[in-house]
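Asks: The amino acid sequence is not available; the structure is as follows:
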Ligand SMILES: [Zn+2]
């Protein structure tokens, strides 16, 4: 009989982790969503000038936190090219598009790394009922996820604590083009993927409903996280199954046997509509999602398998 179940029970019965002033800040979440979903970014279409503006905003935030650039062009930018799919499932594609991911690294001098990701591109522009061109704001999809990514980056760089792993923060574009950017990043990564402990993707986390539903997908591949969730108390209504399984930015990483989970408050009636606006979001709910994720990560760090082995 192994000791592990007993150790595990001991860890989950510790008093809940308390968050100080460095914890997730609702005003900062809102500031990020306000900029990314603003009309001036014209719906953040992959390959557009607006994608670049959004990428610049994200990289500027990473830089101000002192994170290490992990793009592929000597900066936070990860440049890639793809042929735009002409229809769902098109493997040949049409026009050649250049896109940008943004990647930054928190080096805790550990042998292992956790990836936290969120896609920042959206659908560009569309005509409304009056025939006027309007930007798709994509406030929930996925300015909310990027805001979460930036807040987690701020938290982990200011918490005065060295985590048990390094963290790679990645903002993907190309998501609305068949998740192409995550796939290309996974094929030519800027860190050794053999060192990745697990990946957490934030995809639409800003629209928590009255039932406090939070989808946590991919737990069937991540037993330790699943056990933590089963054994931890939360006011959130955790859903382990949802319509979004297996079609997300985690899929190529999952194929490389990396444990991946997706956090999402789910699809709603504003998804992929011009009504996916900041005013529809629940920022207190988003904070609950991120605080819950931080609690789970802190519990994982206490488990023997997740202890840092120092490098250098
Ligand atoms: Zn979308």
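Replies: Cool, the structure landed. Note that the structure is predicted; figures quoted are calculated from it, not measured. Residues are numbered from 1 along each chain as shown.
Asks: And the helices in the chain?
Replies: 4-12, 26-36, 49-64, 145-158, 180-187, 223-231, 251-255, 283-301 (DSSP state H).
Asks: Contacts for stretch 160-170, please.
Replies: 22, 62, 67, 70, 78, 101-110, 112-118, 149, 152-153, 156, 185, 191, 197, 297, 301, 306-308 (CB atoms under 8 Å, 6 or more residues apart in numbering). All C-beta spots, glycine's among them, are computed from the backbone N, C-alpha and C.
Asks: Let's see that with 7 Å instead.
Replies: 62, 67, 70, 101, 103-108, 110, 112-117, 149, 153, 156, 185, 191, 197, 301, 306-308 (CB atoms under 7 Å, 6 or more residues apart in numbering).
Asks: if we can go back for a sec, and the helices of the chain: which comes nearest residue 261?
Replies: Among the helices of the chain, the nearest to residue 261 by CB to CB is helix 223-231 (6.2 Å).
Asks: Buried residues, the closest one. List them.
Replies: Going by neighbour count (16 or more other CB atoms under 10 Å), the buried part of helix 223-231 is 224, 225, 226, 227, 228, 229.
Asks: Switch the helices of the chain over to JSON lines; also include mean pLDDT.
Replies: Putting the helices of the chain into JSON lines (pLDDT from 0 to 100) gives the following:
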{"stretch": "helix 4-12", "mean pLDDT": "46"}
{"stretch": "helix 26-36", "mean pLDDT": "98"}
{"stretch": "helix 49-64", "mean pLDDT": "97"}
{"stretch": "helix 145-158", "mean pLDDT": "97"}
{"stretch": "helix 180-187", "mean pLDDT": "90"}
{"stretch": "helix 223-231", "mean pLDDT": "96"}
{"stretch": "helix 251-255", "mean pLDDT": "92"}
{"stretch": "helix 283-301", "mean pLDDT": "97"}
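Asks: Out of those helices, the one nearest residue 277 is which?
Replies: Per CB to CB, nearest to residue 277 of these: helix 26-36, 9.6 Å.
Asks: which other helices and strands contact the closest one?
Replies: helix 145-158, helix 283-301 (3 or more CB pairs under 7 Å, 6 or more residues apart in numbering; DSSP states H and E).
Asks: Apply 10 Å and report the result again.
Replies: helix 49-64, helix 145-158, helix 283-301 (3 or more CB pairs under 10 Å, 6 or more residues apart in numbering; DSSP states H and E).
Asks: okay if I get the ones you listed as CSV plus mean neighbour count and distance to residue 214?
Replies: Formatted as CSV, these follow (neighbours: other CB atoms under 10 Å; distance: least, CB to CB, whole Å):
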stretch, mean neighbour count, distance to residue 214
helix 49-64, 19, 24
helix 145-158, 23, 12
helix 283-301, 20, 6
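Asks: Same list (the helices of the chain) but as CSV, adding distance to residue 164.
Replies: Listed next are those as CSV, based on distance: least, CB to CB, whole Å:
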stretch, distance to residue 164
helix 4-12, 13
helix 26-36, 25
helix 49-64, 22
helix 145-158, 12
helix 180-187, 24
helix 223-231, 13
helix 251-255, 20
helix 283-301, 4
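Asks: Mind checking those helices for the one nearest to residue 130?
Replies: helix 49-64 (22.5 Å).
Asks: How far off centre is that closest one?
Replies: 16 Å (CA atoms, centre = their mean, to the nearest Å).
Asks: Could you do stretch 77-91 as well?
Replies: Using CA atoms, centre = their mean, the offset of stretch 77-91 from its chain centre is 20 Å.
Asks: try stretch 133-145
Replies: Worked out by CA atoms, centre = their mean, stretch 133-145 lies 15 Å from the chain centre.
Asks: Repeat that for stretch 121-138.
Replies: 24 Å.
Asks: May I see the buried residues of that stretch?
Replies: 121, 122, 123, 124, 135, 136, 137, 138.
Asks: Setting the sequence-adjacent residues aside, check what's closest to the third one.
Replies: On the basis of CB to CB, 6 or more residues apart in numbering, the spatially nearest residue to residue 123 that is not a chain neighbour turns out to be residue 136, at 4.2 Å.
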